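S.K.: Next comes the sequence, and after it the predicted model I'd like to discuss.
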Amino acid sequence: MKEKLNFKILSIAIVLLALPLTLAAVKTQQYLTQHAASPTGRLYTFSIYWGVSPSGLPSFSDLTTFETDAKKGVAIVNFFTLWGNTYPNFSASFMNQIRAHGSIPMITWQPDDPSNAAIEPTWTLASIISGTHDAYIKQFATDAKNWGHPFFLRFAHEMNGTWYPWDEGINTNKTGEYVAAWRHVHDVFTQVYQTPSIVPSNVTWVWSPNVEYGGSIPLDRLYPGPSYVDWVGMDGYNHGTANSYSPWQTFSTVFSSTYNHITSLAPNKPLMIGETASEESGGDKGAWLADAFGTKIPNTFPKIKAVILFNKKTGGWNWPIESSLNAQHAFANAICSNYYVTNQYNNLNTSPIPVAITTYQSQCPILPPTSTPTPASSPRFGVPSPTSSSKPNSACTTYTNHNVCNNNRQLCDQVGVTCSLFVTYANCKPQTNGVCGYTQPTCDSIARSKGYKGGGACILLGTCKAITRDGSGAILQPNPCGQGTNIVCCAFNN
(Lines give C-alpha, C1' and ligand atoms only; values in the text may rest on other atoms or scores of the structure.)
Protein backbone atom coordinates (compact mmCIF):
# COMPACT_ATOMS: atom_id res chain seq x y z
CA MET A 1 0.00 0.00 0.00
CA LYS A 2 1.29 3.45 -0.89
CA GLU A 3 -0.43 5.47 1.85
CA LYS A 4 -0.13 4.94 5.58
CA LEU A 5 -3.36 4.21 7.44
CA ASN A 6 -3.76 6.14 10.67
CA PHE A 7 -6.69 4.34 12.24
CA LYS A 8 -5.86 1.15 14.12
CA ILE A 9 -9.37 -0.25 13.79
CA LEU A 10 -9.24 0.07 10.02
CA SER A 11 -5.80 -1.55 9.99
CA ILE A 12 -7.03 -4.53 11.97
CA ALA A 13 -10.07 -4.91 9.72
CA ILE A 14 -7.90 -4.95 6.63
CA VAL A 15 -5.58 -7.56 8.15
CA LEU A 16 -8.54 -9.78 8.97
CA LEU A 17 -9.95 -9.39 5.47
CA ALA A 18 -6.57 -10.17 3.88
CA LEU A 19 -5.93 -13.26 6.01
CA PRO A 20 -8.01 -15.68 3.88
CA LEU A 21 -6.27 -14.41 0.74
CA THR A 22 -2.86 -14.88 2.33
CA LEU A 23 -3.71 -18.42 3.40
CA ALA A 24 -5.00 -19.15 -0.08
CA ALA A 25 -1.75 -17.88 -1.58
CA VAL A 26 0.26 -20.11 0.76
CA LYS A 27 -1.84 -23.14 -0.15
CA THR A 28 -1.47 -22.34 -3.84
CA GLN A 29 2.30 -22.13 -3.48
CA GLN A 30 2.37 -25.46 -1.62
CA TYR A 31 0.27 -27.02 -4.37
CA LEU A 32 2.63 -25.66 -7.01
CA THR A 33 5.58 -27.22 -5.24
CA GLN A 34 3.91 -30.58 -4.67
CA HIS A 35 2.67 -30.94 -8.25
CA ALA A 36 5.80 -29.91 -10.11
CA ALA A 37 7.82 -33.08 -9.61
CA SER A 38 9.64 -35.00 -12.32
CA PRO A 39 7.70 -35.03 -15.60
CA THR A 40 8.71 -38.57 -16.49
CA GLY A 41 5.68 -40.82 -16.86
CA ARG A 42 3.27 -38.87 -14.68
CA LEU A 43 0.08 -36.87 -15.06
CA TYR A 44 0.96 -33.19 -14.90
CA THR A 45 -1.09 -30.51 -13.28
CA PHE A 46 1.35 -27.61 -13.73
CA SER A 47 3.68 -27.37 -16.71
CA ILE A 48 5.89 -24.53 -17.85
CA TYR A 49 6.10 -22.28 -20.89
CA TRP A 50 9.27 -22.57 -22.91
CA GLY A 51 10.43 -20.04 -25.43
CA VAL A 52 13.31 -18.57 -27.39
CA SER A 53 15.04 -15.33 -28.24
CA PRO A 54 15.85 -16.12 -31.88
CA SER A 55 18.03 -14.19 -34.27
CA GLY A 56 16.68 -12.70 -37.47
CA LEU A 57 13.41 -11.18 -36.20
CA PRO A 58 11.09 -9.77 -37.50
CA SER A 59 11.64 -12.43 -40.16
CA PHE A 60 10.35 -15.79 -38.91
CA SER A 61 12.83 -17.91 -40.87
CA ASP A 62 15.30 -18.34 -38.00
CA LEU A 63 12.46 -19.03 -35.58
CA THR A 64 10.97 -21.78 -37.72
CA THR A 65 14.43 -23.26 -38.31
CA PHE A 66 14.99 -23.31 -34.55
CA GLU A 67 11.64 -25.04 -33.96
CA THR A 68 12.54 -27.61 -36.60
CA ASP A 69 15.88 -28.26 -34.92
CA ALA A 70 14.26 -28.42 -31.47
CA LYS A 71 11.45 -30.63 -32.83
CA LYS A 72 8.90 -28.48 -31.02
CA GLY A 73 7.06 -25.17 -31.29
CA VAL A 74 7.76 -22.46 -28.72
CA ALA A 75 5.17 -21.08 -26.33
CA ILE A 76 6.97 -17.72 -25.95
CA VAL A 77 8.83 -15.60 -28.51
CA ASN A 78 11.05 -12.94 -26.92
CA PHE A 79 12.40 -9.96 -28.83
CA PHE A 80 14.24 -6.79 -27.86
CA THR A 81 12.95 -3.24 -28.39
CA LEU A 82 15.23 -0.27 -27.72
CA TRP A 83 13.72 3.10 -26.88
CA GLY A 84 16.32 4.90 -29.00
CA ASN A 85 16.23 2.51 -31.95
CA THR A 86 15.04 3.31 -35.47
CA TYR A 87 11.87 1.29 -34.77
CA PRO A 88 11.14 1.77 -31.04
CA ASN A 89 7.36 1.64 -31.20
CA PHE A 90 4.88 -1.08 -30.37
CA SER A 91 4.31 -3.14 -33.53
CA ALA A 92 0.79 -4.58 -33.58
CA SER A 93 1.43 -6.35 -36.89
CA PHE A 94 4.47 -8.20 -35.54
CA MET A 95 2.64 -9.06 -32.31
CA ASN A 96 -0.20 -10.46 -34.43
CA GLN A 97 2.31 -12.58 -36.33
CA ILE A 98 3.63 -14.09 -33.10
CA ARG A 99 0.12 -14.66 -31.75
CA ALA A 100 -0.97 -16.31 -35.02
CA HIS A 101 2.00 -18.65 -34.56
CA GLY A 102 0.40 -19.78 -31.31
CA SER A 103 3.11 -18.16 -29.20
CA ILE A 104 2.94 -15.54 -26.45
CA PRO A 105 4.93 -12.38 -27.28
CA MET A 106 7.47 -11.11 -24.78
CA ILE A 107 9.01 -7.68 -25.34
CA THR A 108 12.31 -7.01 -23.61
CA TRP A 109 11.97 -3.23 -23.43
CA GLN A 110 15.27 -1.38 -23.06
CA PRO A 111 15.68 2.34 -22.33
CA ASP A 112 18.84 2.75 -24.39
CA ASP A 113 19.99 2.99 -28.02
CA PRO A 114 21.83 0.70 -30.47
CA SER A 115 25.24 1.81 -29.21
CA ASN A 116 24.74 -0.64 -26.32
CA ALA A 117 27.01 1.51 -24.19
CA ALA A 118 26.70 1.53 -20.42
CA ILE A 119 27.15 5.31 -20.32
CA GLU A 120 24.32 6.96 -22.26
CA PRO A 121 23.35 10.41 -20.87
CA THR A 122 20.04 10.35 -22.76
CA TRP A 123 18.85 7.27 -20.90
CA THR A 124 19.57 7.93 -17.23
CA LEU A 125 17.12 6.76 -14.60
CA ALA A 126 16.63 10.38 -13.56
CA SER A 127 15.47 11.25 -17.08
CA ILE A 128 12.81 8.52 -16.85
CA ILE A 129 11.66 9.63 -13.39
CA SER A 130 11.42 13.30 -14.45
CA GLY A 131 9.09 12.47 -17.33
CA THR A 132 11.51 13.25 -20.16
CA HIS A 133 10.39 10.14 -22.05
CA ASP A 134 6.72 10.19 -21.07
CA ALA A 135 5.46 10.99 -24.58
CA TYR A 136 7.14 7.87 -25.95
CA ILE A 137 6.01 5.71 -23.01
CA LYS A 138 2.41 6.91 -23.36
CA GLN A 139 2.36 6.17 -27.08
CA PHE A 140 3.80 2.69 -26.52
CA ALA A 141 1.21 2.03 -23.79
CA THR A 142 -1.61 3.34 -25.99
CA ASP A 143 -0.60 1.07 -28.87
CA ALA A 144 -0.36 -1.91 -26.51
CA LYS A 145 -3.79 -1.08 -25.09
CA ASN A 146 -5.29 -0.83 -28.57
CA TRP A 147 -3.77 -4.17 -29.57
CA GLY A 148 -5.59 -5.71 -26.64
CA HIS A 149 -4.04 -9.20 -26.33
CA PRO A 150 -1.89 -10.55 -23.45
CA PHE A 151 1.89 -10.19 -23.64
CA PHE A 152 4.90 -10.17 -21.35
CA LEU A 153 6.74 -6.84 -20.92
CA ARG A 154 10.25 -7.40 -19.57
CA PHE A 155 11.35 -3.89 -18.74
CA ALA A 156 14.94 -2.81 -17.99
CA HIS A 157 16.28 -6.29 -17.24
CA GLU A 158 19.56 -7.23 -15.52
CA MET A 159 19.38 -4.08 -13.45
CA ASN A 160 21.75 -5.50 -10.83
CA GLY A 161 24.73 -5.42 -13.19
CA THR A 162 26.98 -2.69 -14.55
CA TRP A 163 26.53 -3.04 -18.31
CA TYR A 164 23.25 -1.21 -19.02
CA PRO A 165 22.55 2.54 -18.73
CA TRP A 166 19.69 1.89 -16.29
CA ASP A 167 21.94 0.10 -13.77
CA GLU A 168 22.44 1.98 -10.51
CA GLY A 169 25.96 3.21 -9.79
CA ILE A 170 26.77 4.01 -13.43
CA ASN A 171 25.56 6.61 -15.96
CA THR A 172 25.04 9.05 -13.03
CA ASN A 173 22.29 6.76 -11.64
CA LYS A 174 21.81 6.83 -7.88
CA THR A 175 20.64 4.32 -5.29
CA GLY A 176 16.85 4.02 -5.25
CA GLU A 177 16.33 5.46 -8.73
CA TYR A 178 15.72 2.12 -10.44
CA VAL A 179 12.63 1.35 -8.37
CA ALA A 180 11.41 4.93 -8.83
CA ALA A 181 11.90 4.69 -12.61
CA TRP A 182 10.11 1.33 -12.82
CA ARG A 183 7.16 2.63 -10.81
CA HIS A 184 6.98 5.77 -12.93
CA VAL A 185 6.78 3.78 -16.18
CA HIS A 186 4.21 1.43 -14.64
CA ASP A 187 2.15 4.40 -13.42
CA VAL A 188 2.17 5.93 -16.91
CA PHE A 189 0.75 2.67 -18.28
CA THR A 190 -1.89 2.62 -15.56
CA GLN A 191 -2.92 6.17 -16.45
CA VAL A 192 -3.22 5.26 -20.14
CA TYR A 193 -5.35 2.19 -19.38
CA GLN A 194 -7.67 4.28 -17.18
CA THR A 195 -8.20 7.14 -19.66
CA PRO A 196 -10.81 8.03 -20.81
CA SER A 197 -12.35 4.92 -19.22
CA ILE A 198 -10.86 1.96 -17.37
CA VAL A 199 -9.68 -0.85 -19.65
CA PRO A 200 -8.22 -4.05 -18.16
CA SER A 201 -4.49 -4.19 -18.77
CA ASN A 202 -3.12 -6.78 -21.19
CA VAL A 203 0.43 -6.25 -19.92
CA THR A 204 2.22 -8.82 -17.75
CA TRP A 205 5.17 -7.03 -16.10
CA VAL A 206 8.35 -9.10 -15.76
CA TRP A 207 11.15 -8.07 -13.40
CA SER A 208 14.23 -10.00 -14.48
CA PRO A 209 17.63 -9.43 -12.82
CA ASN A 210 20.85 -11.14 -13.75
CA VAL A 211 21.91 -14.03 -11.52
CA GLU A 212 23.78 -12.66 -8.53
CA TYR A 213 27.56 -12.51 -8.53
CA GLY A 214 30.28 -10.95 -6.43
CA GLY A 215 29.77 -7.19 -6.59
CA SER A 216 26.26 -7.24 -8.08
CA ILE A 217 23.72 -4.79 -6.68
CA PRO A 218 21.55 -6.37 -3.93
CA LEU A 219 18.20 -7.47 -5.35
CA ASP A 220 16.23 -6.38 -2.30
CA ARG A 221 16.79 -2.70 -3.08
CA LEU A 222 15.87 -3.15 -6.77
CA TYR A 223 12.55 -4.97 -6.44
CA PRO A 224 9.70 -2.55 -7.32
CA GLY A 225 7.21 -4.39 -5.10
CA PRO A 226 4.36 -6.86 -5.63
CA SER A 227 1.92 -4.20 -6.83
CA TYR A 228 4.23 -3.33 -9.71
CA VAL A 229 5.40 -6.79 -10.81
CA ASP A 230 3.44 -9.78 -12.18
CA TRP A 231 6.27 -12.27 -12.85
CA VAL A 232 9.82 -12.32 -11.54
CA GLY A 233 12.74 -13.68 -13.51
CA MET A 234 16.46 -14.32 -13.61
CA ASP A 235 19.00 -14.40 -16.43
CA GLY A 236 22.03 -16.68 -16.34
CA TYR A 237 24.50 -18.37 -18.68
CA ASN A 238 27.19 -21.01 -18.63
CA HIS A 239 29.97 -19.06 -20.35
CA GLY A 240 32.24 -22.09 -20.46
CA THR A 241 35.90 -21.33 -20.99
CA ALA A 242 35.40 -19.09 -24.02
CA ASN A 243 37.22 -16.40 -22.03
CA SER A 244 40.04 -16.84 -19.56
CA TYR A 245 37.97 -15.45 -16.68
CA SER A 246 34.91 -17.69 -17.17
CA PRO A 247 34.82 -21.26 -15.77
CA TRP A 248 32.49 -24.04 -16.84
CA GLN A 249 29.39 -23.98 -14.61
CA THR A 250 26.51 -26.41 -14.20
CA PHE A 251 22.92 -25.19 -14.43
CA SER A 252 22.55 -25.49 -10.66
CA THR A 253 25.73 -23.50 -10.05
CA VAL A 254 24.46 -20.70 -12.28
CA PHE A 255 20.96 -20.42 -10.81
CA SER A 256 20.62 -21.99 -7.33
CA SER A 257 21.60 -19.01 -5.18
CA THR A 258 19.50 -16.48 -7.09
CA TYR A 259 16.57 -18.90 -7.31
CA ASN A 260 16.48 -19.21 -3.54
CA HIS A 261 16.78 -15.45 -3.05
CA ILE A 262 14.08 -14.46 -5.56
CA THR A 263 11.58 -17.06 -4.40
CA SER A 264 12.06 -15.68 -0.89
CA LEU A 265 11.86 -12.05 -2.04
CA ALA A 266 8.69 -12.62 -4.11
CA PRO A 267 7.25 -15.94 -2.90
CA ASN A 268 3.84 -15.52 -4.57
CA LYS A 269 5.03 -14.44 -8.00
CA PRO A 270 5.53 -16.87 -10.90
CA LEU A 271 9.21 -17.23 -11.79
CA MET A 272 10.79 -17.41 -15.23
CA ILE A 273 14.27 -17.71 -16.62
CA GLY A 274 14.37 -14.73 -18.96
CA GLU A 275 17.59 -15.76 -20.70
CA THR A 276 19.82 -18.81 -20.56
CA ALA A 277 22.18 -20.82 -22.75
CA SER A 278 25.48 -22.67 -22.62
CA GLU A 279 28.76 -22.32 -24.45
CA GLU A 280 30.46 -25.31 -26.10
CA SER A 281 34.00 -24.65 -24.87
CA GLY A 282 35.15 -26.21 -21.63
CA GLY A 283 32.67 -29.07 -21.25
CA ASP A 284 29.84 -31.07 -22.79
CA LYS A 285 27.11 -28.68 -23.93
CA GLY A 286 24.77 -31.53 -24.82
CA ALA A 287 25.00 -32.95 -21.32
CA TRP A 288 24.51 -29.45 -19.87
CA LEU A 289 21.28 -28.95 -21.83
CA ALA A 290 20.02 -32.45 -21.01
CA ASP A 291 20.72 -31.90 -17.32
CA ALA A 292 19.17 -28.41 -17.26
CA PHE A 293 15.95 -29.10 -19.18
CA GLY A 294 15.55 -32.81 -18.58
CA THR A 295 16.45 -33.03 -14.90
CA LYS A 296 17.14 -29.84 -12.98
CA ILE A 297 14.27 -27.55 -14.04
CA PRO A 298 11.47 -30.10 -13.42
CA ASN A 299 13.04 -31.71 -10.35
CA THR A 300 15.24 -29.22 -8.52
CA PHE A 301 13.68 -25.90 -9.55
CA PRO A 302 9.92 -26.58 -9.45
CA LYS A 303 8.97 -22.91 -9.01
CA ILE A 304 10.28 -22.04 -12.48
CA LYS A 305 7.19 -21.61 -14.65
CA ALA A 306 8.79 -20.35 -17.89
CA VAL A 307 12.23 -20.57 -19.47
CA ILE A 308 13.55 -18.65 -22.48
CA LEU A 309 16.53 -19.95 -24.43
CA PHE A 310 18.83 -17.30 -25.88
CA ASN A 311 19.64 -18.75 -29.31
CA LYS A 312 21.96 -16.16 -30.84
CA LYS A 313 25.70 -15.76 -31.25
CA THR A 314 26.77 -12.67 -29.29
CA GLY A 315 29.97 -11.34 -27.77
CA GLY A 316 32.07 -14.20 -29.07
CA TRP A 317 29.91 -16.84 -27.36
CA ASN A 318 28.32 -19.63 -29.35
CA TRP A 319 24.94 -19.90 -27.59
CA PRO A 320 22.66 -21.59 -30.20
CA ILE A 321 21.69 -25.23 -29.72
CA GLU A 322 22.85 -25.76 -33.32
CA SER A 323 26.48 -25.18 -32.26
CA SER A 324 26.83 -28.98 -32.47
CA LEU A 325 24.65 -31.93 -33.42
CA ASN A 326 25.23 -33.33 -29.93
CA ALA A 327 23.81 -30.18 -28.33
CA GLN A 328 20.89 -29.99 -30.75
CA HIS A 329 19.82 -33.60 -30.21
CA ALA A 330 20.26 -33.38 -26.44
CA PHE A 331 18.07 -30.30 -26.28
CA ALA A 332 15.40 -31.83 -28.53
CA ASN A 333 15.30 -34.96 -26.37
CA ALA A 334 14.98 -32.95 -23.15
CA ILE A 335 12.40 -30.42 -24.35
CA CYS A 336 10.13 -32.97 -26.03
CA SER A 337 8.40 -33.80 -22.76
CA ASN A 338 4.88 -32.41 -22.45
CA TYR A 339 6.11 -30.76 -19.26
CA TYR A 340 7.17 -27.98 -21.66
CA VAL A 341 4.02 -26.64 -23.33
CA THR A 342 4.14 -25.75 -27.00
CA ASN A 343 2.66 -23.01 -29.19
CA GLN A 344 -1.04 -23.32 -28.44
CA TYR A 345 -1.83 -19.80 -27.22
CA ASN A 346 -3.25 -17.99 -30.24
CA ASN A 347 -6.50 -17.57 -28.24
CA LEU A 348 -4.98 -16.59 -24.90
CA ASN A 349 -7.08 -13.83 -23.30
CA THR A 350 -6.04 -13.76 -19.62
CA SER A 351 -3.88 -11.06 -18.02
CA PRO A 352 -1.69 -11.16 -16.08
CA ILE A 353 -0.64 -14.31 -17.91
CA PRO A 354 -1.17 -17.29 -15.57
CA VAL A 355 1.12 -20.28 -15.14
CA ALA A 356 0.62 -23.06 -17.67
CA ILE A 357 -1.79 -25.75 -16.53
CA THR A 358 -2.16 -29.08 -18.31
CA THR A 359 -3.79 -32.42 -17.50
CA TYR A 360 -2.29 -34.95 -19.85
CA GLN A 361 0.18 -37.81 -19.71
CA SER A 362 3.69 -37.46 -21.04
CA GLN A 363 4.44 -39.60 -24.07
CA CYS A 364 8.09 -38.70 -24.14
CA PRO A 365 10.31 -39.95 -21.30
CA ILE A 366 13.13 -37.65 -20.27
CA LEU A 367 16.53 -39.09 -21.16
CA PRO A 368 19.30 -39.09 -18.55
CA PRO A 369 22.10 -36.65 -19.38
CA THR A 370 24.77 -38.28 -21.54
CA SER A 371 27.78 -36.98 -23.39
CA THR A 372 26.36 -38.36 -26.62
CA PRO A 373 22.55 -38.28 -26.34
CA THR A 374 20.76 -41.38 -27.58
CA PRO A 375 17.18 -41.15 -28.83
CA ALA A 376 14.47 -42.54 -26.61
CA SER A 377 12.85 -45.84 -27.52
CA SER A 378 9.38 -44.28 -27.67
CA PRO A 379 8.41 -42.18 -30.69
CA ARG A 380 8.25 -38.43 -30.95
CA PHE A 381 5.44 -36.43 -32.52
CA GLY A 382 2.55 -38.72 -31.50
CA VAL A 383 3.32 -41.45 -34.06
CA PRO A 384 2.32 -45.03 -33.18
CA SER A 385 5.15 -47.04 -31.67
CA PRO A 386 7.31 -48.95 -34.17
CA THR A 387 6.97 -52.71 -34.30
CA SER A 388 9.17 -55.32 -35.93
CA SER A 389 8.48 -53.60 -39.25
CA SER A 390 10.69 -50.71 -38.16
CA LYS A 391 14.38 -50.81 -39.01
CA PRO A 392 17.33 -48.43 -39.30
CA ASN A 393 17.34 -46.46 -42.51
CA SER A 394 20.26 -44.40 -43.81
CA ALA A 395 17.90 -41.74 -45.12
CA CYS A 396 16.98 -40.88 -41.55
CA THR A 397 20.49 -39.97 -40.49
CA THR A 398 20.08 -36.61 -42.21
CA TYR A 399 16.60 -36.03 -40.77
CA THR A 400 16.17 -32.29 -40.14
CA ASN A 401 12.42 -31.70 -40.08
CA HIS A 402 9.04 -33.33 -39.53
CA ASN A 403 8.62 -34.17 -43.20
CA VAL A 404 8.88 -37.55 -44.93
CA CYS A 405 12.43 -38.88 -44.87
CA ASN A 406 12.77 -40.71 -48.17
CA ASN A 407 11.06 -41.58 -51.41
CA ASN A 408 9.19 -44.49 -49.81
CA ARG A 409 7.35 -41.99 -47.59
CA GLN A 410 8.73 -43.53 -44.42
CA LEU A 411 8.54 -41.26 -41.37
CA CYS A 412 11.54 -40.66 -39.16
CA ASP A 413 10.13 -41.39 -35.72
CA GLN A 414 13.25 -40.37 -33.79
CA VAL A 415 15.97 -37.74 -34.11
CA GLY A 416 17.60 -39.36 -37.11
CA VAL A 417 17.83 -43.05 -36.26
CA THR A 418 14.89 -45.16 -37.41
CA CYS A 419 12.00 -45.06 -39.86
CA SER A 420 8.59 -46.53 -39.17
CA LEU A 421 7.75 -48.48 -42.32
CA PHE A 422 4.01 -48.78 -41.61
CA VAL A 423 3.57 -44.98 -41.74
CA THR A 424 2.59 -43.62 -45.17
CA TYR A 425 2.18 -39.86 -45.19
CA ALA A 426 1.66 -38.76 -48.79
CA ASN A 427 2.41 -35.02 -48.61
CA CYS A 428 3.26 -34.24 -45.01
CA LYS A 429 4.46 -30.66 -44.54
CA PRO A 430 5.32 -28.77 -41.32
CA GLN A 431 2.35 -26.82 -39.95
CA THR A 432 2.11 -24.24 -37.19
CA ASN A 433 0.83 -25.93 -34.01
CA GLY A 434 0.15 -29.11 -35.92
CA VAL A 435 3.30 -30.61 -37.41
CA CYS A 436 2.50 -33.91 -39.10
CA GLY A 437 2.46 -36.48 -36.35
CA TYR A 438 3.25 -33.86 -33.72
CA THR A 439 1.25 -34.46 -30.55
CA GLN A 440 -0.97 -31.51 -29.65
CA PRO A 441 -1.58 -31.65 -25.86
CA THR A 442 -5.27 -30.71 -26.05
CA CYS A 443 -5.94 -33.21 -28.83
CA ASP A 444 -4.05 -35.95 -27.00
CA SER A 445 -5.86 -35.23 -23.74
CA ILE A 446 -9.30 -35.34 -25.38
CA ALA A 447 -8.51 -38.53 -27.28
CA ARG A 448 -7.37 -40.32 -24.13
CA SER A 449 -10.41 -39.10 -22.19
CA LYS A 450 -12.58 -40.71 -24.86
CA GLY A 451 -10.87 -44.07 -24.40
CA TYR A 452 -8.38 -44.03 -27.30
CA LYS A 453 -5.32 -45.80 -25.88
CA GLY A 454 -3.01 -44.42 -28.57
CA GLY A 455 -3.92 -40.84 -27.75
CA GLY A 456 -4.32 -38.15 -30.38
CA ALA A 457 -2.25 -36.01 -32.70
CA CYS A 458 -2.81 -33.04 -34.97
CA ILE A 459 -2.13 -34.24 -38.51
CA LEU A 460 -3.25 -33.69 -42.08
CA LEU A 461 -6.83 -34.39 -43.05
CA GLY A 462 -7.17 -37.75 -44.80
CA THR A 463 -4.26 -39.49 -43.06
CA CYS A 464 -5.96 -40.53 -39.81
CA LYS A 465 -6.62 -44.10 -40.87
CA ALA A 466 -3.49 -44.43 -42.98
CA ILE A 467 -1.26 -43.69 -40.01
CA THR A 468 -2.35 -46.76 -38.02
CA ARG A 469 -1.74 -50.39 -38.82
CA ASP A 470 -5.35 -51.39 -38.21
CA GLY A 471 -6.91 -48.29 -39.76
CA SER A 472 -8.58 -47.26 -36.51
CA GLY A 473 -7.82 -43.57 -36.79
CA ALA A 474 -10.85 -41.40 -36.05
CA ILE A 475 -11.31 -37.65 -36.45
CA LEU A 476 -12.38 -35.92 -33.25
CA GLN A 477 -14.96 -33.16 -33.49
CA PRO A 478 -14.90 -30.35 -32.70
CA ASN A 479 -11.31 -29.95 -33.83
CA PRO A 480 -9.05 -28.78 -30.94
CA CYS A 481 -5.91 -28.44 -33.07
CA GLY A 482 -6.41 -24.75 -33.70
CA GLN A 483 -5.84 -25.07 -37.43
CA GLY A 484 -7.80 -24.77 -40.64
CA THR A 485 -9.67 -27.52 -42.41
CA ASN A 486 -6.46 -29.31 -43.44
CA ILE A 487 -5.26 -30.05 -39.87
CA VAL A 488 -7.46 -32.21 -37.66
CA CYS A 489 -7.31 -34.03 -34.35
CA CYS A 490 -6.95 -37.77 -34.96
CA ALA A 491 -7.43 -40.39 -32.24
CA PHE A 492 -5.77 -43.81 -32.28
CA ASN A 493 -6.31 -47.14 -30.54
CA ASN A 494 -2.72 -48.28 -30.98
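M.R.: Ah, there it is.
S.K.: mind giving me the domain split of the protein?
M.R.: Dividing the chain into domains by automatic domain parsing, as the record does, gives the ranges 39-341, 375-494.
S.K.: Where among the ones you listed is average confidence lowest?
M.R.: Set side by side, the domains of the chain show their lowest mean pLDDT on domain 375-494, which sits at a mean of 49.
S.K.: how about the strands of the stretch 151-300 of the chain, start to end?
M.R.: 151-155, 203-207, 231-238, 271-278 (DSSP state E, counting those that start in this stretch).
S.K.: dump the residue contacts of Gly236.
M.R.: For Gly236, the set of contacting residues under the criterion of C-beta atoms under 8 Å, 6 or more residues apart in numbering consists of 210-211, 254-255, 258, 273, 275-276. The way it works is simple: take the backbone N, C-alpha and C, and place the C-beta from them, glycine included.
S.K.: Swap in 10 Å and give it another go.
M.R.: Neighbour list for Gly236: 209-213, 249, 251, 253-255, 258-259, 273-277 [criterion: C-beta atoms under 10 Å, 6 or more residues apart in numbering].
S.K.: Equivalent analysis for Val229, please.
M.R.: Neighbour list for Val229: 155, 182, 186, 204-208, 223, 266, 269, 352 [criterion: C-beta under 10 Å, 6+ apart].
S.K.: Okay, strands next: where are they in the stretch 1-150 of the chain?
M.R.: Ranges of strands in the stretch 1-150 of the chain, per DSSP E, counting those that start in this stretch, are 48-54, 76-82, 104-110.
S.K.: and the closest residue to Pro247 other than its chain neighbours, how far is that from Phe90?
M.R.: For Pro247, the nearest residue in space outside its immediate sequence neighbours is Thr241; the separation is 6.8 Å by C-beta to C-beta, 6 or more residues apart in numbering. Computed with C-beta to C-beta, to the nearest Å, the distance linking Thr241 and Phe90 is 41 Å.
S.K.: and the two? which has more neighbours close in?
M.R.: Neighbour comparison, Thr241 and Phe90: the larger count goes to Phe90, with 20 against 14 (by other C-beta atoms under 10 Å).
S.K.: thought the more buried one was touching His149?
M.R.: No: shown here, Phe90 and His149 do not form a contact pair, counting by C-beta atoms under 10 Å, at 11.8 Å.
S.K.: Buried residues of stretch 215-225, list them for me.
M.R.: Across stretch 215-225, burial judged by 16 or more other C-beta atoms under 10 Å covers 216-217, 219, 222-224.
S.K.: ok, so of those residues, who is nearest Gln344?
M.R.: For Gln344, the closest of those turns out to be Pro224, at 31.1 Å, with distances computed as C-beta to C-beta.
S.K.: can you pull the contacts of the residue nearest to that closest one when sequence neighbours are not counted?
M.R.: With sequence-adjacent residues excluded and distances taken as C-beta to C-beta, 6+ apart, Pro224 is closest to Trp182, at 4.3 Å. Listed by C-beta under 10 Å, 6+ apart, the contact set of Trp182 reads 125, 128-129, 155-156, 159, 166, 205, 207, 222-225, 228-229.
S.K.: What of Ala242?
M.R.: With contacts defined as C-beta under 10 Å, 6+ apart, the neighbours of Ala242 are 279-282, 315-318.
S.K.: And the furthest pair within the residues you listed?
M.R.: Put simply, by C-beta to C-beta the two of the contacts of Ala242 set farthest apart are Gly282 and Gly315, 15.8 Å from each other.
S.K.: Looking at those two, which one has more neighbours?
M.R.: Gly282 (16 against 9).
S.K.: can you pull the contacts of the residue nearest to that one when sequence neighbours are not counted?
M.R.: In space, and not counting its chain neighbours, Gly282 is closest to Thr241: 3.3 Å by C-beta to C-beta, 6+ apart. For Thr241, the set of contacting residues under the criterion of C-beta under 10 Å, 6+ apart consists of 247-248, 279-283.
S.K.: Ser227: neighbour count?
M.R.: The burial count for Ser227: 9, using other C-beta under 10 Å.
S.K.: and if you look at Lys453?
M.R.: Close neighbours of Lys453, defined as other C-beta under 10 Å, add up to 11.
S.K.: which residues in the stretch 51-200 of the chain form helices?
M.R.: For the stretch 51-200 of the chain, the helices defined by DSSP state H, counting those that start in this stretch occupy 61-70, 92-100, 125-129, 134-147, 177-193.
S.K.: Nearest to Gly455, out of the ones you listed?
M.R.: Closest among the helices of the stretch 51-200 of the chain, once you apply C-beta to C-beta, is helix 61-70, at 21.3 Å.
S.K.: So which elements touch the closest one?
M.R.: The elements that helix 61-70 packs onto, with contact taken as 3 or more C-beta pairs under 10 Å, 6 or more residues apart in numbering; DSSP states H and E, are strand 48-54, strand 304-311, helix 325-335.
S.K.: Return the angle between stretch directions for the second one and strand 48-54.
M.R.: I take that to be strand 304-311. For strand 304-311 and strand 48-54, the angle between their directions (axes from the mean of the first three to the mean of the last three C-alpha atoms, to 10 degrees) works out to 20 degrees.
S.K.: Which is the succeeding secondary structure element to strand 304-311?
M.R.: Once strand 304-311 ends, the next helix or strand along the chain (criterion: DSSP states H and E) is strand 313-314.
S.K.: same check, this time on the longest one
M.R.: Past helix 325-335, further along toward the C-terminus, the next helix or strand under DSSP H and E is strand 340-341.
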